[in-house]
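J.: A predicted structure for the sequence below; I have some questions about it.
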Amino acid sequence: MIRQCHKQDEFVRRIERALGVQMKDVSCKIVDRQGMADVMAKAGWSRNESSGVVGFQIEKQVYVLDSAPWTVLHELIHRAGVNSDRLSRFVAEGLTEAIALELRESSDEHQPTYPTEVAWVRQTLLPRLGMTAVALGRVIARSKNAPRALAELMVRVKPGADLSALEFELRPQNPVQPSFNKNQGHVTRMNFELNQPNNPVGFDSSFGFGLLFLVAGTVLTTPVLVHRWGQWGGV
Ligand SMILES: [Zn+2]
């Protein structure tokens, strides 16, 4: 018997309706700790890195830890096209969480992860764009070039901003994350906020605020111009 992920069909219908996409042939597998480690090892992650991981999306496949049904909605939003294969991981995770918050209907459907990323998306990006997370997710998920589409929206509310520089910063993955480049995977960690340092572990003085965060054993850089776009005056 095939066990479906928690509310899988219901979530797929809800996400398809909200984001205006067809997800087709969704495969969501429930795995135990060992299964998660095996899946991640196949994608190039070490056993160590799989510790604490509750959800994993790679290409068309979604894996969810048996003890964490609350991450299914998050992973399926990635699967619908809001993910770091298509857009900066920082923005993709924050927007995925923001969309999950708008789409969740009960407490079993979501637990917060990626607090830094979602705070930036909900408190800076969305208010300045004048959009809901679902509305932005619809643009991202349906776009052939998600970084370009978001950069265009950002420039629209701040005409002086550099479109191509923003597009470059919003590009998928990051050269300083070899394992992400190699793996093309998206992970959600239990108690992520405990793992994520409140203080930057690195600081690039040439930009002033190149905050680095340790994520899943690799280093994630907050996009600098994207950050500045949110700090400058304007709308
Ligand atoms: Zn994620």
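T.: Here it is on my side, so go on.
J.: so Thr124: helix, strand or coil?
T.: Here Thr124 is recorded as helix under DSSP: H, G, I helix; E, B strand; the rest coil.
J.: gap between the nearest residue to it once chain neighbours are set aside and the ion?
T.: Residue nearest to Thr124 in three dimensions, not counting chain neighbours: Gly230, with 3.9 Å by CB to CB, 6 or more residues apart in numbering. Any C-beta I mention is one placed from the backbone N, CA and C, and that applies to glycine too. Separation of Gly230 from the ion (CB to the ion, to the nearest Å) stands at 21 Å.
J.: show the pLDDT at Gly230.
T.: For Gly230, the model assigns a pLDDT of 81.
J.: just how off-centre is stretch 119-133 within its chain?
T.: 15 Å (CA atoms, centre = their mean, to the nearest Å).
J.: ok, stretch 117-126 next?
T.: Mean C-alpha position of stretch 117-126 versus that of the full chain (CA atoms, centre = their mean) differs by 12 Å.
J.: can you check stretch 87-107 too?
T.: 7 Å.
J.: so for that stretch, what gets flagged as buried?
T.: For stretch 87-107, the neighbour count (16 or more other CB atoms under 10 Å) marks 87-100, 103-104 as buried.
J.: ditto for stretch 62-81
T.: So, applying 16+ other CB under 10 Å, buried residues of stretch 62-81: 62-65, 68-81.
J.: any idea which residue is closest to the centre of this structure?
T.: Glu93 (2.0 Å; CA atoms, centre = their mean).
J.: is it true that it touches Pro115?
T.: No. Glu93 is beyond contact range of Pro115, at 10.4 Å (criterion: CB atoms under 8 Å).
J.: burial check on Gly130, number of neighbours?
T.: Gly130 has 11 neighbouring residues, counting by other CB atoms under 10 Å.
J.: apart from its chain neighbours, what residue comes closest to it?
T.: Nearest non-adjacent residue to Gly130, counting by CB to CB, 6+ apart: Val157, 7.2 Å away.
J.: is it true that that neighbour touches Leu129?
T.: Yes. Contact criterion CB under 8 Å: Val157 and Leu129 qualify, at 6.1 Å.
J.: hang on, Lys62 in a helix?
T.: Not Lys; residue 62 is Val. No. Secondary structure of Val62 (three-state DSSP): strand, not part of a helix.
J.: for the ion, see how far away it is.
T.: 11 Å.
J.: so that residue makes contact with Ile77?
T.: No. Under the criterion of CB under 8 Å, Val62 makes no contact with Ile77, lying 10.3 Å away.
J.: show me where the protein has strands.
T.: Counting by DSSP state E, the chain has strands at residues 27-31, 53-58, 61-65, 185-189, 212-215, 218-221.
J.: contacting residues around Gly32?
T.: You called it Gly, but residue 32 is Asp. Residues near Asp32 by CB atoms under 8 Å, 6 or more residues apart in numbering: Leu65, Asp66.
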